[in-house]
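*Asks:* here are the coordinates; sequence isn't available:
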């Protein structure tokens, strides 16, 4: 059974950086596209942040993180990284990674496996 585990969240000042990681276990990692979504405080829904294809050759970013966040994928370590630079208070959220055994997608309901989430807090 495939499992996802996020790590690396924490507290950063506005303008600072954090990197969160998503490690996949229990199945063949390169069969899964991996997406990052976030749930801001008080919001009932998760919003799309970024996604990477199975091979790592294709990526998509939400407009509000484009140019600040960067995805990378290490298939040898079964891990996807989200480097977050120039953080702003609006980036404060619980960040979740999801996986789908298909092509990349920006729709949260198209992902069927999730990690437990990691908190990212940006202080202004």
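*Replies:* Done, it's in. Everything quoted here is computed from the prediction, not taken from an experiment.
*Asks:* those strands in this protein, which residues are they?
*Replies:* Taking DSSP state E, the strands of the chain run over residues 3-7, 10-13, 18-25, 33-39, 47-52, 59-61, 69-74, 79-84, 93-100, 113-114, 118-123.
*Asks:* run through who's touching the second one.
*Replies:* Same thing as strand 10-13. Identification of contacts with strand 10-13 by C-beta atoms under 8 Å, 6 or more residues apart in numbering yields 18, 87, 119-124. No exception for glycine: its C-beta is placed from N, CA and C like everyone else's.
*Asks:* can we see that at 10 Å?
*Replies:* The contact list for strand 10-13, computed with C-beta atoms under 10 Å, 6 or more residues apart in numbering, reads 18-20, 84-85, 87, 89, 91-92, 118-124.
*Asks:* what's the offset of it from the middle of its chain?
*Replies:* Centre-to-centre, strand 10-13 and its host chain are 17 Å apart (C-alpha atoms, centre = their mean, to the nearest Å).
*Asks:* just checking, residue 113 touches residue 4?
*Replies:* Yes: contact criterion C-beta atoms under 10 Å: residue 113 and residue 4 qualify, at 6.0 Å.
*Asks:* which one of those two has more residues nearby?
*Replies:* residue 4 (23 against 18; other C-beta atoms under 10 Å).
*Asks:* I appreciate the help and will end here.
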